[in-house]
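J.: Task: produce atomic coordinates for the following.
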Amino acid sequence: MRVANNRCLLMGLWLVSAASCGQRQQDDHEKSQDKATAQKPTATAGQADTTAMTANMELGKLVYDQYCATCHQSNGLGVPNLNPPLAHTDYVTGDKERLIRIVLNGSNDGLEVNGMVYSNAMPANAFLSDEEIAGVLSYIRKSFGNRADTISAAEVSRVRALSD
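T.: Below you'll find the model as predicted:
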């Protein structure tokens with residue numbers, strides 16, 4: 001009986017010690033996070049813009065891979081006579097509103113790009129959010145050798161309102 005009581009006492013002490021140790025580790029982790037946060041320099045406006053642009057491009061790539069790559073290919077070169085290329089085209093790097101309208105409303109017209117006509121219909125993608133459309137269009141305007149400026153969700157929202 002005495003051995004059993006000692007075991008219970010030892011087990012109780014071990015549990016208290018383990019809990020205390022776990023609490024100390026959590027406290028130490030919180031202190032180190034607080035210290036790191038206090039030492040972290042605040043972001044400048046330029047850094048915030050870069051972070052937002054990176055997030056926008058990452059979202060754009062995800063949307064592209066899910067909804068666009070099947071027709072326009074992962075390299076943006078499209079399919080001859082069916083789906084136009086997105087790489088090195090004035091169509092992509094030119095008029096933002098035209099590009100936004102095509103994503104929102106789709107296109108059933110033959111489309112001439114770089115001297116070739118592409119006849120495959122593009123479905124409307126109005127189900128995508130303004131942020132997703134801005135992201136995917138920014139992604140294609142900055143990828144595949146394109147060097148155009150990005151498109152904002154506000155620009156997409158404005159064109160969407162005009163299309164309704």
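
J.: And the helices in this protein, which stretches?
T.: Using DSSP state H, the helices of the chain run over 2-39, 45-63, 69-72, 90-93, 96-105, 130-142, 153-163.

J.: Which parts of this structure belong to which domain?
T.: 1-37, 53-163 (automatic domain parsing).

J.: highest average neighbour count across the ones you listed?
T.: domain 53-163 (a mean of 17; mean count of other CB atoms under 10 Å). Yep, even glycine has a C-beta here, placed from its N, CA and C like the rest.

J.: what about it, average pLDDT?
T.: The average pLDDT within domain 53-163 is 94.

J.: Who are the contact partners of the residue lying closest to residue 108 once chain neighbours are set aside?
T.: Closest residue to residue 108 apart from its sequence neighbours, by CB to CB, 6 or more residues apart in numbering: residue 121 at 4.7 Å. Counting by CB atoms under 8 Å, 6 or more residues apart in numbering, residue 121 touches 106, 107, 108.

J.: before we move on, what about residue 120?
T.: 71, 79, 82, 83.

J.: Would you format those as JSON lines with distance to residue 157 included?
T.: What follows is the contacts of residue 120, written out as JSON lines (distance: CB to CB, whole Å):
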{"residue": "71", "distance to residue 157": "25"}
{"residue": "79", "distance to residue 157": "31"}
{"residue": "82", "distance to residue 157": "31"}
{"residue": "83", "distance to residue 157": "27"}
